[in-house]
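In: Quick check, what structure comes out for this input:
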Amino acid sequence: MLDTPLSLWPLHGPDQTLIVAFVCIEQFIEFYYNQFDSDRKGLASLYRDQSMLTFESASVLGANSIVEKLSSLPFEKVKHQVSTLDAQPTLEGGIVILVTGQLLVDEEQRPMNYTQAFQLMRDPSGNYFVFNDIFKLVYG
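Out: Sure thing, here's the model as predicted:
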């Protein structure tokens, strides 16, 4: 696993989960979008075999399939700008994250609005990984 901020936090109990959810999630989101924008293949360590991605209407299961899907998207350059970020703790020490923002692809001048939801769970060693990832462009 890459040395992402979330891999450094062995958490125990609801108080620590709340601290991560409301203070440190920004670091995860910053890492995720910087990596997505520069080298999508570098996101592989954030997913596991049981992870699922729904990108628009296409769903894929497993880290390899997710990275393959993200790497095959029909644009070369992308830049995410986060507008809002909300997080809540879930059962079993998980964290649900909702992001809204805008992104620019390739040479487009007008940004597109998007929303993305993540559910982070802990693996047996206590490191967080992306269990669910849902991305949608917002039209209108």
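In: low-confidence ranges in the protein?
Out: Counting by pLDDT under 70, the ranges of the chain that qualify are 1-23.
In: Sketch out the strands for the protein, chain order is fine.
Out: For the chain, applying DSSP state E gives strands covering 47-55, 58-61, 78-89, 95-105, 112-122, 128-138.
In: Each with direction, which strands does the second one pair with?
Out: Put plainly, it is strand 58-61. According to DSSP bridges, strand 58-61 has the following sheet partners: strand 47-55 (antiparallel).
In: how far does the strand it pairs with sit from the chain's center?
Out: 10 Å (CA atoms, centre = their mean, to the nearest Å).
In: Pull out the buried positions in it.
Out: 47-48, 51-53, 55 (16 or more other CB atoms under 10 Å). In this view, the C-beta of every residue, glycine as well, is placed from N, C-alpha and C.
In: count of neighbours near the residue lying closest to Thr54 once chain neighbours are set aside?
Out: Computed as CB to CB, 6 or more residues apart in numbering, the closest residue to Thr54 that is not its neighbour in sequence is Ile134, at 4.7 Å. Ile134 sits with 16 neighbouring residues when counted by other CB atoms under 10 Å.
In: isn't Phe75 right up against Leu104?
Out: No - under the criterion of CB atoms under 8 Å, Phe75 makes no contact with Leu104, lying 9.6 Å away.
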